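K.L.:
Got a predicted model here, sequence first, then my questions.
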Amino acid sequence: MRERPSVPMKSAVRRTTLAVDVVVLSPRAEALAVLLVRAPAGARERWTLPWDAPQADEGLEDAASRIAEAVLGSAPAFFEQVGAFSDGKRHPGDADVSIGIVALVPARAEAPAVDTEWFPLDALPTLAPRHRAVVERAAAVARQRVDQSPLAFRLLPSTFTLSDLQSVYELLLGRRLHKASFRRALQASYLVEPTDEWRSEGRGRPAQLFRFAPKKRRGARRGVRFDLFTE
């Protein structure tokens, strides 16, 4: 009978440190913006993502909700995990592993906490390399899913104009959309319904307000089909 090889034993096992890094995205001043927190004095970078280690017996989404609520005043309705990062890039808290979470909030969400600021996604200040990677992944995930799910509606208040909705899609896609083509694709998606409310927008006629109200259609996708667009 062959002897089993002995299992190597270590006298001590190094504990891996974990951080939950939250990328809060919101449309601000005609740009998709990220909420950053001012770093403590003496830190290598002036700004960081909202982050913390999970508390005892706290799930990742619960930790993300707590972290986001601390800087926003209320927890966002939408969270999605965008990946685990253990690539050796420096984290502001020297965490070995980061769990990246993207959260979406509308432009009219509560004012953020003191020592926080919104920065356009394409004009971020210097961040720790790990946090920069988390932001890039979060933005990529949001943009990849925009035509597969009603994710854009998470960036809007409960009622909105069709121009508001188109602006959000343009921010997520990073390009301008043809107005008539967008509205045809939106109509085909069965995602919105009109309300009895109107909103004045400058000198022109008031714009009707809509709300997210998807209707079930066999074979229908859950997002706006951008393959229907024409120039």
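P.N.:
Now that the structure is in, tell me what you want to look at.
K.L.:
Using the record's domain definitions, break this structure down for me.
P.N.:
18-145, 151-228 (automatic domain parsing).
K.L.:
rank those by mean pLDDT and give me the bottom one.
P.N.:
Among these, domain 151-228 has the lowest mean pLDDT, at a mean of 83.
K.L.:
now it, how far from the centre of its chain.
P.N.:
Between the centre of domain 151-228 and the centre of its chain there are 19 Å (Cα atoms, centre = their mean, to the nearest Å).
K.L.:
so which strand or helix has residue 79?
P.N.:
Element membership for residue 79, per DSSP states H and E: strand 78-85.
K.L.:
Just checking: what are the partner strands of that strand?
P.N.:
Using DSSP bridges, strand 78-85 pairs in its sheet with strand 97-104 (antiparallel).
K.L.:
In the partner strand, which residues are buried?
P.N.:
The neighbour-count check on strand 97-104 (16 or more other Cβ atoms under 10 Å) flags 98, 99, 100, 101, 102, 103, 104 as buried. Just so you know, the C-beta spots here come from the backbone N, C-alpha and C atoms, and that holds for glycine as well.
K.L.:
so the second one sits right up against residue 20, yeah?
P.N.:
Think residue 99. Yes - counting by Cβ atoms under 8 Å, residue 99 touches residue 20, with 5.1 Å between them.
K.L.:
which neighbours do these two share?
P.N.:
residue 60 (Cβ atoms under 8 Å, 6 or more residues apart in numbering).
K.L.:
now the helices for the protein?
P.N.:
60-72, 129-145, 162-173, 179-189 (DSSP state H).
K.L.:
Which neighbouring elements make contact with the shortest one?
P.N.:
Taking 3 or more Cβ pairs under 8 Å, 6 or more residues apart in numbering; DSSP states H and E as contact, the helices and strands that helix 179-189 lies on are helix 162-173.
K.L.:
And for the helix it packs on, what's in contact with it?
P.N.:
If you take Cβ under 8 Å, 6+ apart as the criterion, helix 162-173 is touched by 27, 30-32, 142-143, 146, 151-153, 155-156, 176-177, 179, 182-183, 186, 192, 201, 207-208, 210, 224, 226.
K.L.:
Reformat the helices of the chain as a markdown table; add mean neighbour count and distance to residue 112.
P.N.:
A markdown table is the format used below for the helices of the chain (neighbours: other Cβ atoms under 10 Å; distance: least, Cβ to Cβ, whole Å):
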| stretch | mean neighbour count | distance to residue 112 |
| --- | --- | --- |
| helix 60-72 | 19 | 6 |
| helix 129-145 | 19 | 17 |
| helix 162-173 | 19 | 19 |
| helix 179-189 | 16 | 31 |
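K.L.:
so which of these gets nearest residue 120?
P.N.:
Judged by Cβ to Cβ, the one of the helices of the chain that comes nearest to residue 120 is helix 162-173, at 10.0 Å.
K.L.:
If anything else comes up later, I'll come back, but that's it for now.
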